[in-house]
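# Take this sequence and fold it.
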Amino acid sequence: MKEKMVKKLIGLAMALLIITPVLATIPTGQTPEALALNENDVGMPYGEATELGERDPRDIIASIINIALGFLAILAVVIILIGGFKWMTAAGNDEKVGEAKQIIIAGVVGLVIILAAWGIAKFVLSQLMNATTT
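Numbers count the residues shown, from 1 in each chain. Okay, the predicted model is just below:
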């Protein structure tokens with residue numbers, strides 16, 4: 001039972017990680033000819049000429065990291081809630097309570113790792129921004 005639930009959660013996470021970039025690159029209805037650069041676009045900024053936007057790539061990467069870590073944090077909280085639900089429905093069975101405690105501990109450890117990864121990523125990205133910005 002536990003293995004099926006873990007496999008389903010991993011499958012859902014992988015599906016979301018695969019489908020999100022695909023949905024983000026859906027064409028806007030413009031033809032390739034409309035997006036092609038011509039001689040009038042020579043002096044234009046790259047983002048304006050290609051209509052990709054003006055956001056800094058470092059900012060985009062930071063947003064992607066924040067979204068991924070946010071999703072993982074939500075997943076860790078769901079695991080903790082599953083452990084709490086198992087504990088509440090254990091009906092005093094020591095084996096089930098022990099299993100629920102292990103699930104909760106695993107969820108808390110995962111959440112701590114995710115928060116540490118977020119802190120490290122935030123530090124690295126802020127140092128990168130400071131080092132590469134004039």
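# List the buried residues for the helix or strand hosting residue 124?
Take DSSP states H and E as the rule and residue 124 turns out to sit in helix 94-132. Along helix 94-132, the positions that meet the burial threshold by neighbour count (16 or more other C-beta atoms under 10 Å) are 99, 100, 103, 104, 107, 110, 111, 114, 118, 121, 125. Heads up, the C-betas are built off the backbone N, CA and C, glycines and all.
# Reformat those as a markdown table; add pLDDT.
Converted to a markdown table, these look like this (pLDDT from 0 to 100):
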| residue | pLDDT |
| --- | --- |
| 99 | 94 |
| 100 | 93 |
| 103 | 94 |
| 104 | 95 |
| 107 | 94 |
| 110 | 93 |
| 111 | 93 |
| 114 | 92 |
| 118 | 91 |
| 121 | 89 |
| 125 | 86 |
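# Any chance of a markdown table for those residues, columns distance to residue 65?
Written out in a markdown table, the entries for these read as follows (distance: C-beta to C-beta, whole Å):
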| residue | distance to residue 65 |
| --- | --- |
| 99 | 33 |
| 100 | 32 |
| 103 | 27 |
| 104 | 27 |
| 107 | 21 |
| 110 | 17 |
| 111 | 17 |
| 114 | 11 |
| 118 | 8 |
| 121 | 5 |
| 125 | 7 |
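# and which of these is nearest to residue 92?
Residue 92 lies nearest to residue 100 out of the buried residues of helix 94-132, by C-beta to C-beta, at 11.9 Å.
# Contact partners for that closest one?
83, 84, 86, 87, 90 (C-beta atoms under 8 Å, 6 or more residues apart in numbering).
# Identify the residue spatially nearest to the residue most central in space within the chain, adjacent ones excluded.
Centroid check for the chain by C-alpha atoms, centre = their mean gives residue 68 as the closest residue, at 1.1 Å. On the basis of C-beta to C-beta, 6 or more residues apart in numbering, the spatially nearest residue to residue 68 that is not a chain neighbour turns out to be residue 17, at 7.7 Å.
# cool, residue 86 as well?
Leaving out its chain neighbours, the residue that sits closest to residue 86 by C-beta to C-beta, 6+ apart is residue 100, at 3.9 Å.
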